[in-house]
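**Q** Below: sequence and its predicted model.
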Amino acid sequence: MGQRLSCVQQQHEEHGVLFPALASGELEVVEAMVEEDPTVLEHTTGCDRLSPLHVAAANGRIEVLSMLLDRSFNVDVLNRHKQTPLMLAVMHGKTGCVEKLIHAGASILMFDSIRRRTCLHYAAYYGNIDCLKVILSAAHSTPVADSWGFARFVNIRDGNGATPLHLAARHRWPECLHALLDNGALVCASTGGYGYPGSTPLHMAARGGSLDCVRMLLAWGADRLQLDSSGKIPFSVALKHKHKACAALLDPSSAAPLVWPSPLKFISELNQEAKALLEKALQEANREREKTILKETDMPPSPLNSESEDDNIASEASDMELCCICFDQACTIEVRPCGHQMCAHCTLALCCHKKLDPATTGLSGPVCPFCRGSILQLLVAKINKISDTEVESSPMKPRRSRKSNFSEGSSSFKSLSAMGSFGRIAGRNSGKITDEKQ
Ligand SMILES: [Zn+2]
Ligand SMILES: [Zn+2]
């Protein structure tokens, strides 16, 4: 305490006006001081040796920051802990300053001396999703991508072996977790390294107790049976810290969730819109499984499982053509090149059907269930609204129950055949197929 006080005093005596002016963004005051004595910018705060740039960045003072950078202030100046102004801006969630610093050439590949962390670790640790996205997009275009490789940067380890994904999982930031996974973070990365056992992001999520994080890691293929350095699986970690709901999902004896089929080439090449549809289908399918698991363990259902959301989906689907596999959901996904359509749930079930082996996937990927043709691409189907006359002439329009099984045909199959073809083909007359079937 006494030491802290003396630091503050020292700072106050040396430059009592400069740093408060920097912190509160008083551009004119700072400019006047610099005019009078340019060396004032070489000053640092007493204890942590923060430079003027650190103080402006941490407080989100873009104008002051720009002024300093215009005076060719070293953008990667280090404080006592070898933290750059960029790290402090990320830590405090000052996205504007993060953008400005990166634009001015700040390196995203600097390591602090506390835990050897990068700015990406900081973003994941503090859960600043906007900063995280700015850094990831910078990593695509800066020399880091060329020299280090983007994938290596995303999976960069700190002094304890933790990747940014570990930190996002530990500190309960599902959004950051998702952005990192989406950018190639390895879901089974271990803090051990070099063959030694260590904690995976799933262990960290079990420790942190975020159901969203656990759910997401499992859906991205995290292994429930991997051991940490003390021989524990994530399930035991969750139990130890009394995160019951997480433990229920992590219990190796409970039903395994559907896993996002990332090794499939056409899945890795999905456009944003199609990807969003399929991810939503994955979440919904897993939530159904989760309900059963949590019910068995007397856990309250997840708040995300609201009935009203289900109703919305049903009404959305009501004016679209039904999927001819499940007769339950609207056709939202189109297979290329054949053009057959089905719902996102069935598409996903098809892709997740067998355990994917990256080595052989290229040879035995899923095929279109209608024509057995290979799938090269999945797109969002163009909405073909059923014409008014058709709706009127089919009073037997089946009621959709979202609880019906994917693979089981609906009992109202016959009434459906009047409504449409089996396996819709976009932009083609499908009447012939209908005739054959009837
Ligand atoms: Zn379907
Ligand atoms: Zn087809």
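**A** Arrived safely. Ligands and ions are numbered 1, 2, ... in the order given.

**Q** What parts of the stretch 201-350 of the chain come near ligand 1?
**A** Contact residues (Cβ under 5 Å from the ion) of the stretch 201-350 of the chain with ligand 1: Cys323, Ile325, Cys326, Gln329, Cys343, Cys346. Every C-beta, even on glycine, is put in place using the N, C-alpha and C of the backbone.

**Q** According to the record, where do the domains of the protein fall?
**A** 1-142, 157-271+286-305, 306-437 (automatic domain parsing).

**Q** would you turn the residues of the stretch 201-350 of the chain next to ligand 1 into CSV with neighbour count, secondary structure and pLDDT?
**A** CSV is the format used below for these (neighbours: other Cβ atoms under 10 Å; DSSP: H, G, I helix; E, B strand; the rest coil; pLDDT from 0 to 100):
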residue, neighbour count, secondary structure, pLDDT
Cys323, 25, coil, 92
Ile325, 22, coil, 91
Cys326, 20, coil, 91
Gln329, 25, coil, 90
Cys343, 27, coil, 94
Cys346, 23, helix, 93
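
**Q** and the two most separated of those?
**A** Ile325 and Gln329 (9.0 Å; Cβ to Cβ).

**Q** what do these two both touch?
**A** Counting by Cβ atoms under 8 Å, 6 or more residues apart in numbering, the contacts common to Ile325 and Gln329 are Cys343, Cys346.

**Q** Tell me the secondary structure of the residue of the stretch 151-300 of the chain found nearest ligand 1, please.
**A** Here the residue of the stretch 151-300 of the chain nearest ligand 1 is Ala281; by Cβ to the ion that distance is 9.3 Å. Of the three states, Ala281 takes helix under DSSP: H, G, I helix; E, B strand; the rest coil.

**Q** That one and Cys351 touch, don't they?
**A** No. Taking Cβ atoms under 8 Å as the definition, Ala281 is not a contact partner of Cys351, at 10.3 Å.

**Q** which of those two has more neighbours?
**A** Cys351 (24 against 21; other Cβ atoms under 10 Å).

**Q** For my notes, confirm Phe19 occurs in a strand.
**A** No. Using three-state DSSP, the assignment for Phe19 is helix, not a strand.

**Q** got a list of what it touches?
**A** Gln11, Thr45, Leu50, Pro52, Val55.

**Q** Quick check: which ranges of the stretch 151-300 of the chain have low pLDDT?
**A** Counting by pLDDT under 70, the ranges of the stretch 151-300 of the chain that qualify are 298-300.

**Q** again with the stretch 301-438 of the chain
**A** In the stretch 301-438 of the chain, residues with pLDDT under 70: 301-320, 353-364, 383-438.

**Q** Show me what from it comes close to ligand 2.
**A** Cys338, His340, Cys368, Phe370, Cys371, Gly373.
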